[in-house]
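Trainee: here are the coordinates; sequence isn't available:
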DNA sequence: CGCGACGTTGATTTGCCTCAACGATTGTGG
DNA sequence: CCACAATCGTTGAGGCAAATCAACGTCGCG
């Protein structure tokens, strides 16, 4: 599994061999079965997870027990409860594996040292934080101005191919509609497409 | 106006006198008339604004021209287009003054040096970034699980007293309902309260 | 096979929007 | 000082988007 990390690091982060070794040494590899929990509510998120294979989801629970998906993280994405990770407070999110997944965990202290010592890790970290911010802002603006159909299309664009991999009710939860309504929406989209073609 | 900054800095940031002087020297004071623009669409946000008096708003425009409020910033709050500030890309948000306001502008380079040299400025900056993240996340979770009434109550709690200061349609835009509906909502809330008391 | 998880479909209800009309308040020029 | 417009909030009628509830179809799997 480590060779996958090596390949990823040299392809995407332009690291030297010694830097790759350094990163490899301070990372935890972890396999998650489908449905396995990575972070439970009220734990402290001491790590950032990098997804090599599979797909994670971060979600929160309602007062009445229903769950809402905040983020998906398929291969190549990073995921954590940002607030808990930054402030060390107990997490308001939970993270689990939608598919069987392989992930790398960067613990806070190890990541801190890597960022201090390796500029391209620092740049990667900053880019990741910025992306998290941008995504959150886009979700807010999307929910303020977009219809359910537009939000569904935005989801498709953000996570290409993911709609075919994960249960539809997870997507419904992500875009903020009921599973039944998403089903009707998709029916309408397909029907419209076949009519115009 | 600078003495207000001095008072604020010594009260909230626990700076020494020399540090206060250092901060004061690298800040821009600016008065904004009611309705004045601080940042227009597609500019680059080169600063973080700190609000001493009055109230700013950050908003974005829809395809059809309608505006949606993303943030308010009354006294004591910081505001910028975070993404544009971090990435130097053109802003997707605009910022203007809802009330006549006094603000301090921290330019990117000056702020960077202050953070590097003064630990408590750095801590303040980090706390501000974390708050921005937390607020965005709360807006997403709020829009996924809350009714319009719950979002209105959350607004009241987040910005105490602000509802009496700014036009009601701005609040409606912030919580994502039409002005008419917010009016009916408030009517209902008052009626319910008087019935139970 | 039968069971559970998931998706679909239809009937009904509800939350919120749109449109339109009407006060209340404020500011402004004659 | 008053007439007037402009701005903002309120109220009601009607409509649409999406939720809820219930029933049923389908698939994978023990």
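Mentor: Sure thing, it's come through. As the structure is a computational prediction, the values presented were derived from the model and not from experiment. Residues are numbered from 1 along each chain as shown, chains lettered A, B, ... in the order given.
Trainee: ok, which residues in chain A are in contact with chain B?
Mentor: Contacts of chain A with chain B, taken as C-beta under 8 Å from any C-beta of the partner chain, map to A:60, A:62, A:66, A:68, A:70, A:82-83, A:86-87, A:126, A:130, A:132-134, A:136-137, A:139-141, A:143-145, A:176. For every residue, glycine as well, the C-beta is placed using N, CA and C.
Trainee: looking at those residues, which are in helices?
Mentor: Applying DSSP state H to those, the entries found in helices are A:82-83, A:86-87, A:126, A:130, A:132-134, A:136-137, A:139-141, A:143-145.
Trainee: give me the subset of the residues of chain A next to chain B touching DNA strand D.
Mentor: Contacts with DNA strand D are made by residue A:176 out of the residues of chain A next to chain B, judged by C-beta under 7 Å from any atom of the strand.
Trainee: out of the residues of chain A next to chain B, which are buried?
Mentor: Applying 16 or more other C-beta atoms under 10 Å in any protein chain shown to the residues of chain A next to chain B, the neighbour count classes A:60, A:68, A:70, A:82-83, A:86-87, A:132-134, A:136-137, A:139-141, A:143-145, A:176 as buried.
Trainee: tell me which residues of the helix or strand that contains residue A:3 are tucked away?
Mentor: Assigned by DSSP states H and E, residue A:3 belongs to helix A:2-12. Burial within helix A:2-12, assessed by neighbour count using 16+ other C-beta under 10 Å, is assigned to A:5, A:8, A:9.
Trainee: over to stretch A:43-53?
Mentor: Under 16+ other C-beta under 10 Å, the buried positions of stretch A:43-53 are A:43, A:45, A:46, A:47, A:48, A:49, A:50, A:51, A:52, A:53.
Trainee: which one of those residues sits closest to residue A:33?
Mentor: Of all these, residue A:33 sits closest to residue A:53, with 12.6 Å by C-beta to C-beta.
Trainee: not counting sequence-adjacent ones, nearest residue to that closest one?
Mentor: residue A:102 (4.4 Å; C-beta to C-beta, 6 or more residues apart in numbering or on different chains).
Trainee: what's the angle from the helix or strand harbouring that neighbour to helix A:2-12?
Mentor: Using DSSP H and E, residue A:102 maps to strand A:101-107. Angle, strand A:101-107 to helix A:2-12, by axes from the mean of the first three to the mean of the last three C-alpha atoms, to 10 degrees: 70 degrees.
Trainee: so what's the residue nearest to residue A:53 bridging to?
Mentor: Beta-bridge pairing for residue A:102 (DSSP bridges): residue A:31, residue A:53.
Trainee: how close does it sit to residue B:164?
Mentor: 54 Å (C-beta to C-beta, to the nearest Å).
Trainee: more crowded one of the two?
Mentor: residue A:102 (18 against 6; other C-beta atoms under 10 Å in any protein chain shown).
Trainee: you'd agree that one is up against residue A:27?
Mentor: No. The criterion here is C-beta atoms under 8 Å, and residue A:102 misses it with residue A:27 at 12.0 Å.
Trainee: interface residues of chain A facing DNA strand D?
Mentor: Residues of chain A lying close to DNA strand D by C-beta under 7 Å from any atom of the strand are A:147, A:148, A:149, A:176, A:177, A:178, A:180, A:181.
Trainee: what comes into contact with the one helix or strand residue A:24 maps to?
Mentor: Assessed by DSSP H and E, residue A:24 sits inside helix A:17-25. With contacts defined as C-beta atoms under 8 Å, 6 or more residues apart in numbering or on different chains, helix A:17-25 is touched by A:2, A:5, A:6, A:9, A:10, A:15, A:114, A:117, A:118, A:120, A:121.
Trainee: confidence score at the nearest residue to the fifth one once chain neighbours are set aside?
Mentor: Sequence neighbours aside, residue A:20 is the residue nearest to residue A:10 in space, at 6.3 Å (criterion: C-beta to C-beta, 6+ apart). For residue A:20, the model assigns a pLDDT of 86.
Trainee: and residue A:20, how many neighbours does it have?
Mentor: Neighbour tally, residue A:20, other C-beta under 10 Å: 19.
Trainee: equivalent analysis for residue A:81, please.
Mentor: 26.
Trainee: just checking, it touches residue A:39?
Mentor: Yes. Assessed by C-beta under 8 Å, residue A:81 is found in contact with residue A:39 at 6.5 Å.
Trainee: so what sits against both of the two?
Mentor: Common contacts of residue A:81 and residue A:39, defined by C-beta under 8 Å, 6+ apart, comprise A:45, A:91, A:93, A:95.
Trainee: checking residue A:115 next. Helix, strand or coil?
Mentor: Assigned state for residue A:115: helix (three-state reduction, DSSP: H, G, I helix; E, B strand; the rest coil).
Trainee: and it, how many neighbours?
Mentor: Residue A:115, neighbours per other C-beta under 10 Å, totals 17.
Trainee: can you classify the closest residue to it other than its chain neighbours by secondary structure?
Mentor: Sequence neighbours aside, residue A:122 is the residue nearest to residue A:115 in space, at 4.4 Å (criterion: C-beta to C-beta, 6+ apart). Three-state call for residue A:122 (three-state DSSP): helix.
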